[in-house]
Every structure is written in C-alpha cells, then in structure tokens.
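Engineer: sequence plus the predicted model coming up.
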Amino acid sequence: MGLSLQILLPFFGGLAVLFAPRFGRDMERWGTVAVMALTLVVLLYSVVNGDSGRWLAFTRIDWAPSFGIQVLLAMDGLSAAMLAISAGLGIVCVFVSWHVTHRSAMYHAVICWTIATANGVFLSFDLLVFAFFWELMIVPAFLLIGLWGHGQRESAAMKFLVFNAVAGLGLLAAVFWMGATAPEITFDAFVLAESDYATWVQVLLLLGFALAFMVKLPVPPFHAWLPDAHTQAPTAGSILLAGLLLKTGAYGLFRFPPLLFPDGLMALAPYGMALGAFGVLYGAILACGQFDAKRLIAYTSISHMSIVLMGVCGGVHFALAGAGVEMVAHAFSSSALFLLIGALQQRTGTRDLRDLGGLQKTAPAFATSFAVFFAAALAMPGTANFLGEALVITGMFQVNWAFAAIALLSLIVSVLYATRLIGAIVFGKPKAATATFEDLKPHELWPIIALGAGTLFFGLFPQTLVGWLRPAVDAALLPLGVGAP
Amino acid sequence: MLAYFLLLVPLPPLGGFLLLALDPYRLERRAVMAVALAAGIAPLVLFLPVALGYFAGSIGDTIAPAFTLNFGQFEVALAMQLDALSAIAALTVTVVASCVMIYAADYMASARVADLRRFFALMNLFLAGMLSVVMAADSIVFFLGWELMGLCSFFLISYNMNSPRAFAAGRKAFVMTRIADAALLAGLLLLFLEATSVRIADLIPAGLAAPEQRAVVIAVLLLVGALGKSAQLPFQTWLPTAMAGPTPVSALLHSATMVAAGAILLIRFAPLIEAHPGVAAATAIAGVATAVFGALCAVAQTDIKRLLAYSSISQIGFMLLAVGMGAPGVAMAHFVVHALFKSLLFMSAGVLSHASGGTTEIRRLRGSAYAAPISFATYVVGAAALAGFPILSAGWWSKEAVLGAAVMAGPFGQFLWLVALGSAALTGVYAYRPVWSALRSPVEPLPAIKENWLAVGPLIFLATASVLGSFLVGPIVRTMGGTVPHAGLGVEVMGALAAIAGLIGSVVVSFSPVWSARIKRARRLRAGMQMDAIYYAFLVRPYRRVVHKLSGRNARKDTSHEAETDRTDGGMGDPVGTATVNLGLWLARVVTAPFVPDRFDLVTMRSTREVRRAGVWARRLQTGRLRTYVMAIAFGLGVLVILGWGMTWG
C-alpha cells in the first residue's frame, strides 16, 4: 500500500490542485508543493522502514486475475533514488513556474500527473501496468509542451507524441506477446524472467523493449524529438523532460533487459555500446554547433544519456554503477541548467547565445550558479557527473578499450561546448538584452542551491549513492553471470 | 594525531574560496584582502612545522586517511600523505603561494571589489587544488586537485571578462590541458584496474607487475598527462597565450606551481617511467626538445611575460630530462629552485612594467631600473638564477645537477647533455635581455614609483631564497633518496662556460643593432614556430567543419567567441535525426497511402491543410474544452485505479 501512495498521492493531488485556486491566491502552487513534500515524506518513511532484502518495499495486489494483471510494485535503492528525484523536481518545477499565470491550476495539475505516471514507471513490475504507465506518461508531458510552451509548441509537442507513442508500440507488442505465450497468462516480470526463451526470441523481444527505452533516452538516431521538445517546452517542462522522462528510458534499460532477456542482451550489448559511443560523440559535437542555449543543453543530454546506454550495455559492475550514478547526476545538473536558462529567457526574452553576455557583471548570483553547473557539465571531479562518467569509462576499459577511448573523447568535447556556453552567457560585455538583468530571486536560488548541493554531495561522498544503487546493479548483473568485482 | 593535522593544510584556502565565492557577508575590500591573505598563508603556517619536523627526522612518512568510500566489496580510502615529495613540494607551494598572495594584495589593489573577490576566491581554490595534488596519497585526490587547477586556470586566465582575447586564451588552455588530462585519467583508471586500489603506494607496484604492453600504455598515458599540464611539446602552445591573465596568476599558476605539476606527476610515478627504457627516453627527449624549443622562442620574444612563459616551458623541460635520466630527486630540486626564481621574475617584471607605464614590451622597459630600483635588483637576481649564473645562483646548482645526471646516463644521455647545454646557453641570452633594456636611460625620465612593502617584501624574500637555494639542492636530492650526480670538473666547467656565453650573448643581442634587427625579424620564432597555425589548420578548422556540417551551418572562416556575427542558421542540421524523421514520414506515407488520397505529413505537418487542421485543433484546446479532455483522462485513470482496488477488496 505504501508504494502505491507514490503514484496515488501525486495523481489525486493533481486533481485536488485543480480546485485549489478557489481557496486563495497561489494555492495551486503551495498545494503542489505540499503534495510533493507529502510524497517525499511517505517515500522517506518507506525507505527508512524498508526491508533489508532485495527490495526495500514490495506490494502485490491482484487487479484482473483472469487476465493475469496485477499491481506489482517493488522499490529498491534505484527506484527510491528516482522517486526522490521526481518528487524533488516537482517542487523545483513549482518554484521556477512562479511567473506562469495562464491556466495555472491546470499547469500544476499536469506537473503532478507527469510525476504520478513517471513514479508508476519507476515502481511497476507487472509489465502490462508498466507499459500502461509508460504510455500514459506521454500525455501530461505532451500537454505541458503543447499548451505552455514557446513559439512552435504545437509541432514540437506533436513530434514528441509521435516519436514516443510509436516507440511505445514496440514495448507493448513485446509485453503482450510475452504475457500471452506464458504457460499461465501473466505479466509478472519476475515470473516471466523464469521463462526460457530462445536467444533469437529474446533478441526480438529486447528490440521491442529497447526501441521504447532508446527513444525516451534518447540515443541517436532516435533523438530528433528531444531538441525540439526541450526548446519549446516551458522551463518546468524542460526540467521534467531532462530530469525525469529521460531517466525513465535509462531506468527501463537498466532494469528490464538484464532481468528478462539476459541472452538477448549479451548478444546485442556490443551494438548497444557502439550506438552509445556514437551518441556520446554525436551529441557532444552537435552541442558545439548550437546557438540556442536550450538546444545546446538538449544535445549535451543526448551525449550524457548515451553514456548511460554504454554503461548499461557494458555488463560489468563499474559500468552499471556508473550508469546509475550518471542518471542521478544528470537529473541534477541538467535540470539546474534548464532552470538557469529558463530564468534567462524569462528575463531577456531570448535564448540565443549571440544576444547574451556579461552576466558576471549584472547578475553575480546567476553567474556563480552557472559556473557550478558548468563544472558539472564538463564532468569536473568532485561532481557526481564525473563519478558517473569515470565509473562507466572504468567499466569500458574492462570490456573494450575503443569504447573507453571514445568516452574519454567526450570529456574533451564537453570542455568545448561548456566553455562556449559559459563564454557566451557569463563572460563578455553586457549586451542590449542583458544590460539590465535582475539577479536570481530567492525562489529560484533555493532550488539551484539544493541541486548544486546534491551534485557536489554525491560527487564528494559517493558511497551513499553507490550503496543505494548496489542491489539494483547486482541484480542486473546476476542473470548475466557476472559476479561482483 | 599529526596525520589528521595534514588534512587541515588544504582546508583554509578551500574555506577562503567558499567564503569569497558565496560571499554571505558582502565583504568590503579590506575584509576580502584579509580573508584572502589569511586563507592563502595559513597553509604555510600549518605545514611549516610538519615539514621541518620531517626534514629533521622527527616525523616519518605518514598517511592521513580522510574518509573511506565504500563501493560494495572493495573500499577506497581517500588520504593525504607526508613523504619526501609531498613535504618538499607542499612547502615550496605554500611558500611561493604566500609570497604571491601578499604581492597580489598590492597588485590587485585597484580592482573592483567584485573582481577582487572572484580573483582571490579562485586563487585560494587553486591553492587547495595544488596542495591536494602534491599531498595526495591516492589517485582520486590527485586527479581532483589536478582538474581543480585546470578549472581555476581557465577562470583566472580569462579574469578580464571584457576581453574576448583573455577568454579565448583561457579556453585554449583549458582544452589543451583537458586533452592531456583525459590521457592521465585513462592511465590512472588502468592502474586502478591493475591494483584494485587507488592508493598511489599500491598503484606503482601494480603498474610494475602489469603485463609489458599494458604497462607501457599506462606509462605513456601518464607521460602525456604531464606533457599537457606542463606545456611541453607538443602541447606547449597554450602557455604563452595564458599570459593574458594578471601577473600574480602567471607567477603562481603558469610558472611556479601548476605548470610544473607535470613534473611532480612524473616524479611521483617515476618508477613506472623508469621501468621502460623507451618511455624514459621519450620523457627525456620531450624534455630536451622543449628546453631547446622554449629557449629559442624566448630569445625571439619582445614581450616580457611571453619571454618568461617560454622560459618556464624550457626549464620544465630540464625537469623532464632529469626524470627521463632516472634522477627524479634532481628534477625535484630543479622544481623547487625554479618555483622560487620564476615567481620572483614574474612579480618583479610586474613592478617594472608598472613603473614603465603598464607596458609588457621589453624595449619599453627603458629606465624602469631607476624608477623601481629594488624590484630591478630582485629581477636581476632572478634572471641570474634562471640563466644559471655560476656558483652564486641556485639555478646553476640545480641545472648542473640535471646536466650531470644526463652525462652519467651513458652515450644517449651525453648526446642529450650536449643539446641541453645549448639550451642552457640560450637561457642566458634571453634571461638578461630585460635587464639591459631596463638599464638604458629612458626617452623621457620615468617618475619613481612607490615600491610598496607588500609588493617588495615577497620579492626580497624570494631573491634571497634564489641565492641561498644553492644550499638546498643537495639536501633535496638526498631527501628524495637520490645522490647528487658529480660528472667531473669538465662537465661543470662546460656548464659554467655555457652560462657565461649566454651572458655575453645577451649583451650582443641587446646592444648590437644587427642582432636586434634579426630578433625583430624572427616573427616565426616569436609565434612559437607557428605551431598555433598548424594546430588551427589540422585540428581546429577540420573540427569546426564537422560541427558546421552536422549542425547545418555554413562553414565560416572564424566562429570564435567574438566573431559570431552570422545570424543565418541555414540548412536543417542534425543529419541523423533528420534522417530518422524522414524515414518515419516516408513510412507513414507508405502505410497511409491506400487510405488517404492526398499525401499528408504526419510529424512536421508541412502541408497547409494539416497546419490549418492543427490550428483548429489548437484553438479548440484553448477554448476550455481541453479541461474536459484532461479531466476525462484523469477521471478514466482514477476509475481504473479505484476499480482495481475494488476488485482486490472484493
């Protein structure tokens, strides 16, 4: 029951938020904060009172027994980390959207529902329910982009919808096939994991799953929706996209292929790593060519999430742990960057790097915050981003030196795009758009401080994070026949 | 107990950085200075007793574990250590840093408070990073400090935020060193996989025990890391441009400490380098080649800061030569002596150029010797140390030790010795040039400047140290576990002759009109053999072409920060993404062709009809029906969930 609250609270909270404006000004905002805070408290409670075994918490409720559908929720450290991020980012989203007045109640409700559906993805182990949440998750995000986005929001939202919905079909088809061919109809991932598919069947099924996950991740060539979605989405939309929705793809890759299709994963892993290696460089190089600040960060996301793909396909302890750390680190650093760029756009009306500059003079707090996440973007040691990348590279050295070399190249290219970004925004003389620039206000500064503290804390004291992720990493490696180092 | 004392050493600058960077108390100018100086000098105060105790033998090698990282089945203990290298290097760094900080308090006095805060925050962060590098007992702390130095270097070179040139210089330095850092990281990670430990004491035996091929790869990667940070060939191009930073930055980062950290890295991992004759030879060759290259370029410089930058490159080349010749202790001695006289040179040059109206051009320093006599005197002492003035200067003793080590390393070493001797002679040629220029009578008399004790105090101290440092060379080499090489009187005489030849050469070059004209004409040499242009043509421009091709912009000649004026983002860009979209559109067309008479464009909605339809749809969304739509979804979901619960309870 405790786990289902992680989905039900934000969901019904979202419904309640719709009616919140009747009770006073800004009530929808504080209401959303309250819902998210409550979700966090419940999460904390279930983590603290968690079991010591494989799962911190486990819920199994029959839903439609005759179809083999059940609500099967399980949480380990990885899910807990993702749930904490989703509720935390929910609060951040409220504070960065303080200027949103257009249909404010609906806006906040949609944020709550994005989080509810994403939490469903992070918890479900009944594959049909998982696929259900997976598809459902597209809707609120689609609305967020399509209704509250910038200039070309409709086409960006449509692109997002089509890409993700079509990719979701692969997942759905694979899930249906698996459930239907099981001796006794079931969608229980743990039961299906026992079934003995031939390798080629596993490969086919894995391709179906991987299509959905890789589009969401996204890794080239499935990434075309992301730069548009990011640029057109409102700030909160970008934060949820980068911090949460991309992570569902990474989470799916982390969780299901090793559990369900170990042989298929072994067969496809080299191609996955190659695709990841390509994406790492492709995203980074394209980031160097962008003039739109949000688009630039979107391409860096593609690069960083490709590192996660490499790590997951690496199939060794370090690589998987690195992928997990990178997921968390990227959630922190990219949301913070989108927050900052959002603040910038709201004040100056532009995201074009050529119109910006000189914020070091006019907005010292903004400049300092930007410098911190600049360091995170280029994987400075001491940030969680470095830990993630270094672990993945270590793992790659165990698997294939060529992939390690490519991942190392990304460290160099990251300096190019990161300096480009900070050079155009913080350095230089103030331009027309940035001559009068109001520095970050407390409601923007506190989320930044929280995100920065997280980035540095997990970078400098990684054992907490690595410890949380460890059961998930071990469980993912077990079917692959890989022991601990 | 003492062990934990070690951990305190890098903390004051770190605290100073946080205090100045976050600035919760809105510090005033004097408070900023006070915090900066206190934080910058505290490491010296803390470390001095430890170091003295170590040298006196009352304290042995110590490892101070900071905290333990638990990666499941193996643990990583982060730690600082006290051994010969860290004692000597940390003491040098703290001494030089204290001097530079005091000097900077005077030098930066006229800066805006906000800039002052930023400057000292970064200087303190740098100091914390450098101390972590020299005191690290494990590769994680080492690399953390190593990268922190690079980051601070970037921000400090581009300290002048208004100057696109300064930014470009900082960016160049950052990128060039990061290339080498990636190699270093690879080397450290491979060592970690060999040892399953990050303790440097474990890494070295593991690296020695590794299979031959892998061990060579590791050694080469470490060497590349050192070459990048130390601006050795072929990475040397970033250092001369880095002189865009303020003088204290050049004095601390880009001569005495950070740039020499490459040598520290090689000294730390010297057993791995020495285990492979090929790698050791490569180290020595890189060192000697850079020593000659740097000296040649320095001779052709007309800017005193760039001259000193090339001299740093050249001197660090000598340290690499010593490591390659199997004498890391000698390299350490040269590191210490070089740190003392090079920071002295930069800071004196800063005062001299201030005295001559803020120019850094050597020929415009005329008369500054009379306007700022104390600083001029200290500059002369520094130049003598750089040029290795026989017997009297510390530079001569440490350089002789390096040359002696080369001579004693066999025929190959003797060949390198001969080349290095040429470089030593050239050092004299350029080192004294600013001296002669400053001594000339000015075109119009320069007003004498007030040589503030804040500025001059450190200069006098460092000048004294540059002379008395002669007595440190032997003890340093012995503390490092080596012996001072004595290659015979002949070799020493040759070294002395080279130094004197350099002195004479500098007189010729400075006063003979023919030679002055030749130097003025040596444009290619002045531009560092045009290595920048070569890198631009073969690395930067091709890379930019790729970026432009992929992001769908027309290739332009220059898209550096200041030149981005082209506003037309022509073309689609992102060919891979576009291909996917087009493939999808094509599939959609094929699938829908039997059902839809006219072709419609599912994703981008290119056809006008679809756009109109989308407009109608979007308008509907905004007339309030959307609410119903969302409510319907939400309601449906709610019903499903509740139904589910109902079934369970039922």
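Structural biologist: Okay, I see it.
Engineer: contacts, neighbours, all on C-alpha from now
Structural biologist: Noted.
Engineer: which residue ranges of chain B form strands?
Structural biologist: Assigned by DSSP state E, chain B shows strands spanning B:62-70, B:75-82.
Engineer: could you dump the last one to PDB, C-alpha only?
Structural biologist: So the one you mean is strand B:75-82. C-alpha atoms of strand B:75-82 as PDB (Å, rounded to 0.1, in the frame of the first residue of the first chain):
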ATOM      1  CA  GLU B  75      36.800   0.200  -0.300                       C
ATOM      2  CA  VAL B  76      38.600   3.300  -1.400                       C
ATOM      3  CA  ALA B  77      40.300   5.300   1.300                       C
ATOM      4  CA  LEU B  78      41.000   8.800   0.400                       C
ATOM      5  CA  ALA B  79      44.000  10.200   2.000                       C
ATOM      6  CA  MET B  80      46.800  12.700   2.200                       C
ATOM      7  CA  GLN B  81      50.400  11.700   2.800                       C
ATOM      8  CA  LEU B  82      53.600  13.100   4.100                       C
END
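Engineer: now the residue in the stretch 151-300 of chain B that chain A sits nearest to: closest residue in space that isn't a chain neighbour?
Structural biologist: When scored by C-alpha to the nearest C-alpha, the stretch 151-300 of chain B has B:Asn162 as its residue closest to chain A, at 4.8 Å. If the residues on either side of it in the chain are set aside, B:Asn162 comes closest to A:Gly428, at 4.8 Å by C-alpha to C-alpha, 6 or more residues apart in numbering or on different chains.
Engineer: need the contact list for A:Leu73.
Structural biologist: Residues in contact with A:Leu73 (C-alpha atoms under 8 Å, 6 or more residues apart in numbering or on different chains) are A:3-4, A:58-60, A:123-126.
Engineer: equivalent analysis for B:Leu272, please.
Structural biologist: Per C-alpha under 8 Å, 6+ apart, neighbours of B:Leu272: B:204, B:207-208, B:215, B:219.
Engineer: 10 Å instead, please
Structural biologist: By C-alpha atoms under 10 Å, 6 or more residues apart in numbering or on different chains, the contact set of B:Leu272 is B:203-209, B:215-216, B:218-220, B:222, B:266, B:279-280.
Engineer: what is the nearest of those to A:Asp292?
Structural biologist: Comparing the contacts of B:Leu272 against A:Asp292 with C-alpha to C-alpha places B:Leu222 closest, at 37.8 Å.
Engineer: number of nearby residues for that closest one?
Structural biologist: 25 (other C-alpha atoms under 10 Å in any protein chain shown).
Engineer: what's the closest residue to it other than its chain neighbours in contact with, if anything?
Structural biologist: Closest residue to B:Leu222 apart from its sequence neighbours, by C-alpha to C-alpha, 6+ apart: B:Leu184 at 5.1 Å. By C-alpha under 10 Å, 6+ apart, the contact set of B:Leu184 is B:143, B:146, B:178, B:190, B:218-226, B:228, B:265.
Engineer: on that earlier part again, in terms of mean pLDDT, which of the strands of chain B ranks lowest?
Structural biologist: Mean pLDDT values for the strands of chain B show the minimum at strand B:62-70, a mean of 77.
Engineer: contacts only, for residue 261.
Structural biologist: The chain I'm using is chain A. A:Phe261 touches A:192-193, A:195-199, A:201-206, A:267, A:479-480, counting by C-alpha under 10 Å, 6+ apart.
Engineer: actually, chain B is the one I wanted.
Structural biologist: B:89, B:130, B:133-134, B:146, B:149, B:226-227, B:229-230, B:253, B:255, B:267, B:316, B:335.
Engineer: hang on, the earlier thing: identify the farthest-apart pair in the contacts of A:Phe261.
Structural biologist: Across these (C-alpha to C-alpha), the longest gap, 19.4 Å, separates A:Leu192 and A:Ala267.
Engineer: so what's whichever residue of the stretch 501-650 of chain B sits closest to chain A closest to, chain neighbours aside?
Structural biologist: Residue nearest to chain A within the stretch 501-650 of chain B: B:Gly577 (4.5 Å; C-alpha to the nearest C-alpha). Nearest non-adjacent residue to B:Gly577, counting by C-alpha to C-alpha, 6+ apart: A:Ala224, 4.5 Å away.
Engineer: before we move on, back to that, so the residue of the stretch 501-650 of chain B closest to chain A makes contact with A:His223?
Structural biologist: Yes. Between B:Gly577 and A:His223 there is a contact under C-alpha atoms under 10 Å: 6.2 Å.
Engineer: what about the strands in the stretch 151-300 of chain A?
Structural biologist: Along the stretch 151-300 of chain A, counting by DSSP state E, counting those that start in this stretch, no stretch forms strands.
Engineer: and the gap between the residue of it found nearest chain B and B:Leu583?
Structural biologist: When distances are taken as C-alpha to the nearest C-alpha, the stretch 151-300 of chain A reaches nearest to chain B at A:Ala224, 4.5 Å away. For A:Ala224, the distance to B:Leu583 (C-alpha to C-alpha, to the nearest Å) stands at 12 Å.
Engineer: and these two? which has more neighbours close in?
Structural biologist: A:Ala224 (23 against 12).
Engineer: what distance do you get for the more buried one to A:Pro218?
Structural biologist: 9 Å.
Engineer: same check, this time on A:Tyr282
Structural biologist: Distance from A:Tyr282 to A:Pro218, by C-alpha to C-alpha: 12 Å.
Engineer: give the residues shared as contacts by the two.
Structural biologist: Shared contacts of A:Tyr282 and A:Pro218, counting by C-alpha under 10 Å, 6+ apart, come down to A:302-303, A:306.
Engineer: most neighbours, which of these?
Structural biologist: In the shared contacts of A:Tyr282 and A:Pro218, the most neighbours by other C-alpha under 10 Å go to A:Ser306, 32 neighbours.
Engineer: what sits against that residue?
Structural biologist: A:214, A:217-220, A:250, A:272-283, A:300, A:312, A:323, A:407.
Engineer: quick one: low-confidence residue ranges for the chain.
Structural biologist: Went with chain A since none was named. A:1, A:482-485 (pLDDT under 70).
Engineer: wait, chain B was what I had in mind.
Structural biologist: B:1, B:3, B:70-75, B:553-572, B:595-633, B:640-650.
Engineer: hmm, try it at 50
Structural biologist: B:555-571, B:599-601, B:603-605, B:621-623, B:650 (pLDDT under 50).
Engineer: picking up where we left off before, need the overlap of contacts for A:Ala224 and B:Leu583.
Structural biologist: B:Gly577.
Engineer: scan chain A for its longest helix.
Structural biologist: Ordering each helix of chain A by length in residues (DSSP state H) puts helix A:317-348 first.
Engineer: tell me the most buried of the strands of chain B?
Structural biologist: strand B:75-82 (a mean of 22; mean count of other C-alpha atoms under 10 Å in any protein chain shown).
Engineer: and that strand, what does it pack onto?
Structural biologist: Counting contacts by 3 or more C-alpha pairs under 10 Å, 6 or more residues apart in numbering or on different chains; DSSP states H and E, strand B:75-82 packs against helix B:2-8, helix B:29-56, strand B:62-70, helix B:84-107, helix B:113-135, helix B:139-157.
Engineer: okay, those, which one's buried deepest?
Structural biologist: Scoring the helices and strands packed on strand B:75-82 by mean count of other C-alpha under 10 Å, the most buried comes out as helix B:113-135, with a mean of 27.
Engineer: and that one with helix B:29-56, angle?
Structural biologist: Per axes from the mean of the first three to the mean of the last three C-alpha atoms, to 10 degrees, the angle that helix B:113-135 makes with helix B:29-56 is 10 degrees.
Engineer: right, and B:Gly367 touches B:Val443 too?
Structural biologist: Yes. Look at B:Gly367 against B:Val443 with C-alpha under 10 Å: they come within range, at 8.2 Å.
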